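Enquirer: below are the sequence and a predicted model for it; my questions follow.
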Amino acid sequence: MLIRSPKAWELPESAVTPENLYHLSKRRDFLRALGVTGFALAARDVVAATAGFPTRVNPAYRDPALKPTPYEFITSYNNFFEFGTDKAEPKINANKGWQTEPWTVEIAGLVRNPFKIEANDLVMKMGGAEQRVYRLRCVEAWSMVVPWDGFELSKLIALADPKAEAKYVKFTTFVDPKNAPGQRAGNLDYPYVEGLRLDEAMNELAFIATGIYGKPIPNQNGAPLRLVVPWKYGFKSIKSIVKIELTDKQPKNTWQVLQSSEYGFYANVNPTVDHPRWTQASERVIGGGIGGRQKTLMFNGYEKQVAALYAGMDLRKNY
Ligand SMILES: Nc1nc2c(c(=O)[nH]1)N[C@H]1C(S)=C(S)[C@@H](COP(=O)(O)O)O[C@H]1N2
Ligand SMILES: [Mo]
């Protein structure tokens, strides 16, 4: 079943969502068209549905202090080197015929239950999508706030049933030079690879995104499955994943291979450790207008949830 495609019958009658997260007028038109009337603005744990993609807002991951970046910015200012190095290029180049549906992802390596599955089937198997509003902080010192739809990575890893020797998770992006001009140009070492320690991957915040603002995730944002690790610099959040592999060795991630003096394996957001070429103490807020800067927070504001993962580690050495 293709749940990323509009399916009116999947909408519950009670479809409601907090006003600030959505383009409310569009939703109203949509619900009116379906004959859903008399809906009230929601309190908590409601079902939100936009364009037929059902997603439950998880109130535990919706800090009211966070103001989501407008959809237009999230989907037109992108880093996706497979489709060009300029921020405006991925939206153009990733939508010229590159197919992201259907899509097969493979779970492999040191697991008792390896499997291959189509992306939509995987979302179903994970019990559908939920929505979480997370900060996104690029190592280039800009930031956004994104309402992601998807599922917790830990659920997927639990299904694969890691063996005791598994210590890391390695993620790999597709290779398709015919459709990806950046791969033809060789602007990075492809395929793009990322990795997490297994306990990082099992942290409740680690997420696989399949949507944004309740809509299927656009190609330029990493359709159909993309990792989101909000306490780390954006390059860890690898897009358009084809393989997830449990390993006993620390994976060599693409940006570390390219320039290990500037980009490490951990890449935890840390305002006290500057990039060799710029400060990480503050960040430019995308969609924040002229002068829209703010202070960068330790672990990007997720210290409470993740600091224990790094107890006793030198975060200056393990950058
Ligand atoms: N495969 C792949 N994944 C990638 C990248 C990339 O070039 N290729 N760029 C990374 C970087 S540097 C950032 S900041 C985020 C940007 O995600 P966004 O375009 O959805 O904001 O994606 C990350 N994931
Ligand atoms: Mo980035």
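Expert: On my side now, so go ahead. What you see is a predicted model; the values in this text were computed from it and never measured. Ligands and ions are numbered 1, 2, ... in the order given.

Enquirer: confidence score at the residue of the stretch 201-319 of the chain at minimum distance from ligand 1?
Expert: The nearest approach of the stretch 201-319 of the chain to ligand 1 comes at Gly234, 2.5 Å away (C-beta to the nearest ligand atom). In short, each C-beta sits where N, CA and C put it, glycine included. With respect to pLDDT, Gly234 scores 98.

Enquirer: up against ligand 1, what does this structure have?
Expert: Listed as neighbours of ligand 1 in the chain under the rule C-beta under 6 Å from any ligand atom: 78-82, 136, 138, 173, 192, 221-222, 234-235, 237-240.

Enquirer: quick check: nearest residue in space to Arg112, chain neighbours excluded?
Expert: Asp161 (4.1 Å; C-beta to C-beta, 6 or more residues apart in numbering).

Enquirer: would you agree the one you found is in contact with Pro114?
Expert: No. Contact criterion C-beta atoms under 8 Å: Asp161 and Pro114 do not qualify, at 9.3 Å.

Enquirer: how near is the residue nearest to the spatial centre of the chain to Asp176?
Expert: In the chain, the residue lying closest to the centroid (C-alpha atoms, centre = their mean) is Val228, at 3.2 Å. Distance of Val228 to Asp176, given as C-beta to C-beta, to the nearest Å: 23 Å.

Enquirer: please enumerate the strands of the chain.
Expert: Remark: strands assigned in the chain by DSSP state E are 47-50, 53-57, 104-109, 115-118, 129-137, 142-152, 168-173, 193-197, 207-212, 215-216, 226-228, 241-247, 282-285, 293-295.

Enquirer: dump these to JSON lines, plus mean pLDDT and distance to Lys91.
Expert: Shown next, in JSON lines, are the strands of the chain (pLDDT from 0 to 100; distance: least, C-beta to C-beta, whole Å):
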{"stretch": "strand 47-50", "mean pLDDT": "40", "distance to Lys91": "20"}
{"stretch": "strand 53-57", "mean pLDDT": "76", "distance to Lys91": "20"}
{"stretch": "strand 104-109", "mean pLDDT": "98", "distance to Lys91": "23"}
{"stretch": "strand 115-118", "mean pLDDT": "98", "distance to Lys91": "25"}
{"stretch": "strand 129-137", "mean pLDDT": "97", "distance to Lys91": "16"}
{"stretch": "strand 142-152", "mean pLDDT": "98", "distance to Lys91": "15"}
{"stretch": "strand 168-173", "mean pLDDT": "99", "distance to Lys91": "18"}
{"stretch": "strand 193-197", "mean pLDDT": "98", "distance to Lys91": "22"}
{"stretch": "strand 207-212", "mean pLDDT": "98", "distance to Lys91": "13"}
{"stretch": "strand 215-216", "mean pLDDT": "96", "distance to Lys91": "14"}
{"stretch": "strand 226-228", "mean pLDDT": "99", "distance to Lys91": "15"}
{"stretch": "strand 241-247", "mean pLDDT": "99", "distance to Lys91": "20"}
{"stretch": "strand 282-285", "mean pLDDT": "98", "distance to Lys91": "19"}
{"stretch": "strand 293-295", "mean pLDDT": "97", "distance to Lys91": "25"}
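
Enquirer: residues contacting the nearest residue to the residue of the stretch 201-319 of the chain closest to ligand 1 once chain neighbours are set aside?
Expert: Once flanking residues are discounted, Gly234 sits nearest to Cys138: 4.1 Å by C-beta to C-beta, 6+ apart. For Cys138, the contact set (C-beta atoms under 8 Å, 6 or more residues apart in numbering) comprises Asn79, Tyr233, Gly234, Phe235.

Enquirer: quick one: pLDDT of the closest residue to Leu153 other than its chain neighbours?
Expert: Excluding the flanking residues, the one nearest Leu153 by C-beta to C-beta, 6+ apart is Ala206, at 4.1 Å. The per-residue pLDDT reported for Ala206 equals 98.

Enquirer: may I have the phi/psi pair for Ala206?
Expert: Per-residue torsions, Ala206: phi -70, psi 130 (degrees, to the nearest 10).

Enquirer: ok, now how distant is it from Glu101?
Expert: Taken as C-beta to C-beta, the span from Ala206 to Glu101 is 24 Å.

Enquirer: so for these two, which sits in the more crowded spot?
Expert: With neighbours defined as other C-beta atoms under 10 Å, Ala206 and Glu101 compare such that Ala206 has more, 24 against 14.

Enquirer: to Ala185, which of the strands of the chain lies closest?
Expert: Of all the strands of the chain, strand 168-173 sits nearest to Ala185, with 15.6 Å by C-beta to C-beta.

Enquirer: any chance you could list what contacts that closest one?
Expert: Contact partners of strand 168-173, identified using C-beta under 8 Å, 6+ apart, comprise 82, 109, 157, 190-198, 201, 227, 238-251.

Enquirer: again, 7 Å this time
Expert: With contact meaning C-beta atoms under 7 Å, 6 or more residues apart in numbering, strand 168-173 is reached by 82, 157, 191-198, 201, 227, 238-247, 249-251.

Enquirer: no further queries at this time; thank you.
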